[in-house]
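>>> coords please:
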Amino acid sequence: MPAGAQHFAAISGVDQGTMTWKTTSRGSGSGLIGKLAQANIDEVAPVDDEVVVVRDDDAASAPVRQRLTAGTLLRVREVTRAEDLAALTESGRTRAVVLCRSGLSLLALHDAVAVVRLACPDAALLVLDDQVGEARAEVAAHAGADGIINLAQDWKSAGEAVLAAADQRARARAVGDAIAVRSEADLLGLLDEEWPLSVLVLAINNLETLAGRYAHGDVDALMLALAIRLRPVLRPSDTMARTADRSLVIARRDGDELAIAALADRLLRACREPLVVTEESVPITIAIGIAARGGRVTEAGATVAALLAEARGASARLSNRGRAAYELADTALQARVTAQRQTEIALRYAVDNHEFRVFYQPVVELQTRALTSFEALMRWQRAQVGLFDAASFVEAAQRSGLMTRIGQTILHEAAAEAVRWPVASASGPALSVNLSPQEYFLPNLVGSVDHILAEVGLAPGRLILEIPLKLLARDPLSARSILRDLAALGITLVADDYDGQMTDELRNLPIRMVKLRMGLLDGIETDAERRARVAGIAAQVRAAGWLCVGKGVETAAQAAILRDLGCHGGQGFLFSGARPAEELPMFRGAEGAWAWTPQARPIPAG
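Below is the predicted model:
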């Protein structure tokens, strides 16, 4: 571990061997930010920290994303122009920016670092350099870099250096947050009357007693240790301040009470290990009061001061009971959060007890009616309750961090089932699986998919991965790297929810198929304008050399129109809804071929 990470661990009292919230299973992480990332991999809580790489768009620097992802366990995104940093980092989640430019002179290096530092003042800034020398390190530091890493260095050490720099920057900010006591006027001045806004007020339960027993009465040291512990859990864009009532106030520009409750849960988890103050371990519990307002605030009296007062009231109620917990000031929002937590608990039970089932919906080739693939769709079979489709629980799964584990479980089960599909010829139907956003950015995604396919014995050529178009369009350079690595396995890649948004970046991705957005076919039989739009999209897809599949096909007329427009396949209730594995033999003919046999509404002849 780099010296910076060790120093941070000593100051904050983080036990590097035990700070993970679940036994480490993949990678090790470094520093508290690294441990939080590992906890995310282990599906304990969703942590959305990011590293952004500014690199040349060439083959030599293309592997940087994959290697930094493995080295840091954080989500890594990429841009080629520093001018694009603002849009990519506006969410405030960026922990570190890594500048990777080859062949820079000293002056060009200084200018490049200065531009990035200006765009990202709160993030750690590292330089990956193809040259060595003390002068280059000094020039980079003068321009605002936190360190310089030789490209020849091993990537584990490079990842640890990035995490250590992020930890050090978080610690430095925490010291500034906790060392100065903010007056009420100063605090309100920090928090502009802009919405959305959520305020969390944190108080250490029995603070005076703890300080007297463990810290020689030094309340300041205890508050500083708490701030250092908690700052890495926050986004760099979050505000944290110490107030005269010996509380820490945290503010985030987010009115989503479920997301803020998840943040409060992470803050509580971070305090499970004792703080270290003057060489003593201090076990603490904290009470967190929360008040939130969305982007559309219309009620009278909706001010930052009122929001702060509500959060303080909630914190005081918990502190009086000595509880390590969080509470929302709004009882209606608290009820919603409580319901969400109950769903998360049920989901964790469902994962451990194999309550998720896979159903399969066929995709039919429109010209021949051959069955080309089955899309795997997850269902939740709740004991003594019933069967639920994904729409009823996917949000809770994503918020809880369980979506990665559920998604990989579904892939494993569906791939094992696909191996059992009997075939009359050399190849059977392909298996199509949706990739969630959390899985898409999973540091070990490619290795995990490759391992599952090898373990169950499914040929990569029979797997189709569907990726939401919005993920591909939001960050095209990262998409190119991620999809390139997946395509190298022999997997077919599909852009899902396509609506005609063709760009040069999208055209350059290793995609072989698109699925049209659900609802795009509604009314296509009678609406000439809608039909013309679908025709234009189908022509666009063909020009890119891709196959086109229409989703939501409910009538024979819709299927016929898609076929005449040159669409390769269709999927929808015309052919079949999602069915359990035991019902799939209904799609096999007498000679063993997989095909759709029309029942009452055949596709009209062309």
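>>> quick one, what contacts residue 587?
362, 371, 576, 594-596 (CB atoms under 8 Å, 6 or more residues apart in numbering). No exception for glycine: its C-beta is placed from N, CA and C like everyone else's.
>>> Could you rerun that using 6 Å?
Residues counted as contacts of residue 587 (CB atoms under 6 Å, 6 or more residues apart in numbering) are 371, 594.
>>> Let me see the confidence value for it.
Confidence at residue 587, expressed as pLDDT, is 91.
>>> Check the one 10 residues further on too.
The pLDDT attached to residue 597 in the predicted structure is 81.
>>> One more: the one 4 residues further on?
Reading off the per-residue confidence, residue 601 sits at a pLDDT of 42.
>>> same deal with residue 438?
Reading off the model, residue 438 has pLDDT 83.
>>> can you tell me the helix or strand for it?
helix 437-440 (DSSP states H and E).
>>> Now find how far off-centre that helix is within its chain.
Between the centre of helix 437-440 and the centre of its chain there are 6 Å (CA atoms, centre = their mean, to the nearest Å).
>>> again with stretch 91-104
Distance of stretch 91-104 from the chain centroid (CA atoms, centre = their mean) equals 19 Å.
>>> Domain parsing of the protein, as residue ranges.
With automatic domain parsing as the criterion, the domains of the chain are listed as 3-174, 180-329, 340-584.
>>> Put together TSV for these, with distance to residue 590 on each row.
Below are the domains of the chain laid out as TSV (distance: least, CB to CB, whole Å):
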stretch	distance to residue 590
domain 3-174	46
domain 180-329	52
domain 340-584	10
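>>> okay if I get those domains as a markdown table plus mean neighbour count?
Output for those, formatted as a markdown table (neighbours: other CB atoms under 10 Å):
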| stretch | mean neighbour count |
| --- | --- |
| domain 3-174 | 20 |
| domain 180-329 | 18 |
| domain 340-584 | 18 |
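>>> before we move on, back to that, what does the helix holding residue 438 rub up against?
Taking CB under 6 Å, 6+ apart as the rule, helix 437-440 contacts 403-404, 407, 471.
>>> Kindly report the same for stretch 110-122.
Against stretch 110-122 from outside (CB under 6 Å, 6+ apart): 82, 85-86, 89, 97, 99, 101, 125, 139-140, 143-145, 236.
>>> Stretch 202-210 now?
Contact with stretch 202-210 is made by 247-248, 282, 284-288, 315, 319, 322, as judged by CB under 6 Å, 6+ apart.
>>> For the stretch 501-606 of the chain, which segments are assigned as strands?
Under the criterion DSSP state E, counting those that start in this stretch, the stretch 501-606 of the chain contains strands at 513-516, 547-551, 569-571, 579-580.
>>> Can you give me the pLDDT of residue 40?
45.
>>> Could you do the one 10 residues further on as well?
For residue 50, the model assigns a pLDDT of 86.
>>> Would you check that it makes contact with residue 92?
No: applying CB atoms under 6 Å as the test, residue 50 and residue 92 come out as separate, 9.8 Å apart.
>>> Go through the domains of the chain and find the least confident stretch.
With a mean of 76, domain 3-174 has the lowest mean pLDDT of the domains of the chain.
>>> Adding distance to residue 561, write the strands of the stretch 501-606 of the chain out as a markdown table.
As requested, those are exported to a markdown table (distance: least, CB to CB, whole Å):
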| stretch | distance to residue 561 |
| --- | --- |
| strand 513-516 | 12 |
| strand 547-551 | 9 |
| strand 569-571 | 10 |
| strand 579-580 | 26 |
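>>> Figure out which of these is closest to residue 130.
Closest to residue 130 of the strands of the stretch 501-606 of the chain is strand 513-516 (CB to CB; 38.2 Å).
>>> Tell me the strands beside the closest one, with direction?
Next to strand 513-516 in the sheet, as set by DSSP bridges, lie strand 492-498 (parallel), strand 547-551 (parallel).
>>> Relative to the whole chain's centre, how far out is it?
Using CA atoms, centre = their mean, the offset of strand 513-516 from its chain centre is 23 Å.
>>> Any chance you could give me that strand in PDB, C-alpha atoms only?
Extracted as PDB, the C-alpha positions of strand 513-516 are listed here (Å, rounded to 0.1, in the frame of the first residue of the first chain):
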ATOM      1  CA  MET A 513     -28.100  -5.700 -33.600                       C
ATOM      2  CA  VAL A 514     -30.600  -3.100 -32.200                       C
ATOM      3  CA  LYS A 515     -33.900  -3.600 -30.500                       C
ATOM      4  CA  LEU A 516     -36.400  -0.900 -31.000                       C
END
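>>> Contacts for that strand, please.
Here strand 513-516 makes contact (CB under 6 Å, 6+ apart) with 494-496, 498, 541, 546-551.
>>> Over to stretch 362-375?
Residues from elsewhere that reach stretch 362-375 (CB under 6 Å, 6+ apart): 360-361, 429-430, 432, 464, 562-563, 569-571, 575-576, 587, 594-596.
>>> tell me how far the ends of that stretch are from each other?
With CA to CA, to the nearest Å applied, stretch 362-375 spans 6 Å between its terminal residues.
>>> In helices only, show me the contacts of stretch 362-375.
562-563 (DSSP state H).
>>> re the thing from before, same list as before, the strands paired with strand 513-516 that is, but in a markdown table and with distance to residue 415 included.
What follows is the strands paired with strand 513-516, written out as a markdown table (distance: least, CB to CB, whole Å):
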| stretch | distance to residue 415 |
| --- | --- |
| strand 492-498 | 14 |
| strand 547-551 | 21 |
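>>> among the contacts of strand 513-516, which two are most distant?
Counting by CB to CB, the most remote pair of the contacts of strand 513-516 is 546 and 551, 15.1 Å apart.
>>> among the strands paired with strand 513-516, which is nearest residue 508?
strand 492-498 (12.5 Å).
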